[in-house]
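[1] Provided below are the primary sequence and the corresponding predicted coordinates.
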Amino acid sequence: MEDLLELLAASLVDEPEKVSVEGYDEDDGTVVLELRVAPDDAGKVIGRGGRTVAALRTVMRACGTRDGTRVLVDVVE
């Protein structure tokens, strides 16, 4: 899942080499994916009104549903 999020985010930004995703599991089984991008690219990943990050979250949630896990995506600056 981390690879998919990294690939999608890298296609949106100007500096794809600075995109990284770190995932960890919480106690309740939720998978949290922390997306890190260059400071100048944060706006591109979030999008106007948060639409782009909402779409990324929807795609990742769908991947998690296939595996039976809950997935959260956080954009970390």
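    Everything's here; your move.

[2] distance from the chain centre to the longest helix along the chain, please.
    Among the segments of the chain that qualify as a helix by DSSP state H, the longest is helix 51-67. Taking CA atoms, centre = their mean, to the nearest Å, one finds the center of helix 51-67 at 8 Å from the center of the full chain.

[3] please apply the same query to stretch 8-25.
    Mean C-alpha position of stretch 8-25 versus that of the full chain (CA atoms, centre = their mean) differs by 7 Å.

[4] for it, measure first residue to last.
    Start and end residues of stretch 8-25 are separated by 21 Å (CA to CA, to the nearest Å).

[5] can you mark which positions in it are buried?
    Neighbour counts over stretch 8-25 (16 or more other CB atoms under 10 Å) mark 8, 9, 10, 12, 13, 19, 21 as buried. Yep, even glycine has a C-beta here, placed from its N, CA and C like the rest.

[6] skipping adjacent residues, who's closest to the fourth one in space?
    Read that as residue 12. In space, and not counting its chain neighbours, residue 12 is closest to residue 44: 5.4 Å by CB to CB, 6 or more residues apart in numbering.
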